[in-house]
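1. Mind folding the following:
(one chain, ligands or ions: 1)
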Amino acid sequence: MELLFRGKKLDLSSGKFGSMRSSNDILNHLEAQKQRMKEDGYLLFRKLIPEHTVLEARREIMLKYAVVGEIDSINYDVMDAIQQMPSFIDQINLLAFTESIRTGKAYNDVIMSANLIGFFERFLGGKVATFDFKWPRFVRPGEGTGIHSDIVYIGRGTKNLWSAWIPIGGVALEEGPLIILEGSHLSTKLDRYWAADADRDKIGWLSDDPLSIQEELGGRWLTTEFGAGDVICFDTRLVHGSLDNVSPKRRCRLTSDTRYQLARDPLDDRWNGDISNPHGGRQKAFVPGIMKATGNEEFEEEWKPVDERGRLASSLLGEESV
Ligand SMILES: O=C(O)CCC(=O)C(=O)O
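-> Residues are numbered from 1 along each chain as shown. All right, here's what the predicted structure looks like:
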């Protein structure tokens with residue numbers, strides 16, 4: 001087996017690579033969860049969310065991706081998420097499209113699932129809020145997410161907030177699951193990075209080289225296969241990204257990352273209230289990937305400038321701007 005991360009082959013020897021551990025053994029043990037979160041920086045729960053809730057969200061979202069030609073629902077089951085090329089994604093109003101996914105009923109039933117909210121309420125000790133903005137991610141073959149810690153993007157309100165990564169359907173290793181650097185949330189070398197604000201300080205990915213950052217910080221890269229209903233909750237300082245999707249079937253990966261905090265704590269105003277253009281400046285849409293849209297700065301990679309009709313800006317399509 002070969003796993004690619006930012007286009008580089010990971011060292012899969014036992015000292016450098018391993019499997020995330022499940023915390024279902026401590027599902028009802030709050031103190032043990034707190035201790036493990038402190039030590040490991042993550043808690044992985046298998047089948048925390050009812051499978052049918054997750055699969056309804058998958059169908060809701062995949063149908064939308066089929067409508068815009070990103071997946072082939074004519075020759076395959078829409079739930080298989082097989083990439084179609086070319087798609088019509090560059091013809092549509094991306095602001096409306098991404099909002100329709102983010103606000104879908106079935107999708108929101110997943111991220112607000114009673115079991116997930118219940119976990120965070122016990123873990124944080126109070127009523128919980130999630131951001132108005134959400135990050136549903138449709139990741140095509142050839143795509144993946146760079147190496148970073150979340151706190152630099154979402155820490156303008158409280159620092160007592162947590163990320164949850166939720167597969168919306170199964171994610172095999174070759175389809176680009178989340179990958180975390182073991183123990184990195186405890187690193188003594190990242191204090192300055194964690195204190196930064198990605199927008200104010202204009203910072204990009206922490207590193208583009210999974211091997212050199214591992215050398216620098218130590219720890220194994222950890223990942224696993226995920227099934228519908230699984231959730232991994234993690235420390236917003238934990239260094240992570242996602243493996244490249246190298247699916248030989250050209251299956252697209254669908255997941256969500258959302259943030260949870262105490263409702264009484266201040267919220268990051270980029271992602272709450274007016275969320276029409278969180279990074280400010282020229283109007284952009286959250287559209288990770290789309291390989292032809294090159295030429296962006298690293299930080300901008302997931303955020304694509306759009307024109308006055310919400311379509312990918314012509315400069316990203318290699319056309320003269322008008
Ligand atoms: O799913 C991905 O590709 C990246 C997820 C991520 O960065 C996050 O959950 O914070």
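2. which SS class is residue 255?
-> Three-state assignment for residue 255 (DSSP: H, G, I helix; E, B strand; the rest coil): strand.
3. Closest residue of the stretch 51-200 of the chain to the ligand?
-> residue 145 (3.3 Å; C-beta to the nearest ligand atom). No exception for glycine: its C-beta is placed from N, CA and C like everyone else's.
4. Give me the neighbour count for the closest residue to residue 175 other than its chain neighbours.
-> Spatially, and ignoring its direct neighbours in sequence, residue 175 is nearest to residue 253 (4.6 Å; C-beta to C-beta, 6 or more residues apart in numbering). Number of residues near residue 253 (other C-beta atoms under 10 Å) recorded here: 28.
5. Quick one: residues contacting residue 253.
-> Contacts for residue 253 (C-beta atoms under 8 Å, 6 or more residues apart in numbering) come out as 81, 137-139, 171, 175-177, 242, 245, 247.
6. quick one: which of those has the most company?
-> Using other C-beta under 10 Å as the neighbour test, those are led by residue 176, with 31 neighbours.
7. Could you check how far the residue of the stretch 51-200 of the chain closest to the ligand is from residue 235?
-> Residue 145 sits 17 Å away from residue 235, going by C-beta to C-beta, to the nearest Å.
8. any idea which of the contacts of residue 253 is closest to residue 309?
-> residue 138 (21.2 Å; C-beta to C-beta).
9. The helix or strand where the closest one lies: partners in the sheet, and parallel or antiparallel?
-> Per DSSP states H and E: residue 138 is located in strand 135-139. Strand 135-139 pairs in its sheet with strand 253-262 (antiparallel), by DSSP bridges.
10. roughly how far is the partner strand from the heart of the chain?
-> 7 Å (C-alpha atoms, centre = their mean, to the nearest Å).
11. now the following helix or strand past that strand, how far from the centre of its chain.
-> Remark: after strand 253-262, the chain's next helix or strand is strand 284-286, criterion DSSP H and E. Offset of strand 284-286 from its chain centre (C-alpha atoms, centre = their mean): 15 Å.
12. ok, now stretch 158-175?
-> Centroid displacement of stretch 158-175 relative to its chain, using C-alpha atoms, centre = their mean, is 6 Å.
13. before we move on, back to that, the contacts of residue 253: which two are farthest apart?
-> Taking C-beta to C-beta, the two most distant members of those are 81 and 242; they sit 15.7 Å apart.
14. how about the helices of the protein, start to end?
-> Listed in chain order, the helices of the chain (DSSP state H) span residues 30-40, 51-67, 94-102, 105-111, 114-124, 151-154, 191-195, 210-217.
15. Any chance of TSV for those, columns distance to the ligand, mean neighbour count and mean pLDDT?
-> Listed next are the helices of the chain as TSV, based on distance: least, C-beta to the nearest ligand atom, whole Å; neighbours: other C-beta atoms under 10 Å; pLDDT from 0 to 100:
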stretch	distance to the ligand	mean neighbour count	mean pLDDT
helix 30-40	16	14	98
helix 51-67	14	19	98
helix 94-102	15	18	96
helix 105-111	12	19	98
helix 114-124	14	17	98
helix 151-154	8	22	97
helix 191-195	14	12	97
helix 210-217	14	17	97
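16. what's near enough to touch residue 227?
-> Residues in contact with residue 227 (C-beta under 8 Å, 6+ apart) are 46-47, 51, 167, 170.
17. so how far is stretch 123-143 from its chain's centroid?
-> Taking C-alpha atoms, centre = their mean, one finds stretch 123-143 lying 7 Å from the centre of the chain it belongs to.
18. end-to-end on it?
-> Length of stretch 123-143, first residue to last, C-alpha to C-alpha, to the nearest Å: 33 Å.
19. nearest residue to the most centrally placed residue in the chain other than its sequence neighbours?
-> Note on the chain: the residue nearest the mean C-alpha position is residue 257, at 4.2 Å, using C-alpha atoms, centre = their mean. Leaving out its chain neighbours, the residue that sits closest to residue 257 by C-beta to C-beta, 6+ apart is residue 135, at 4.5 Å.
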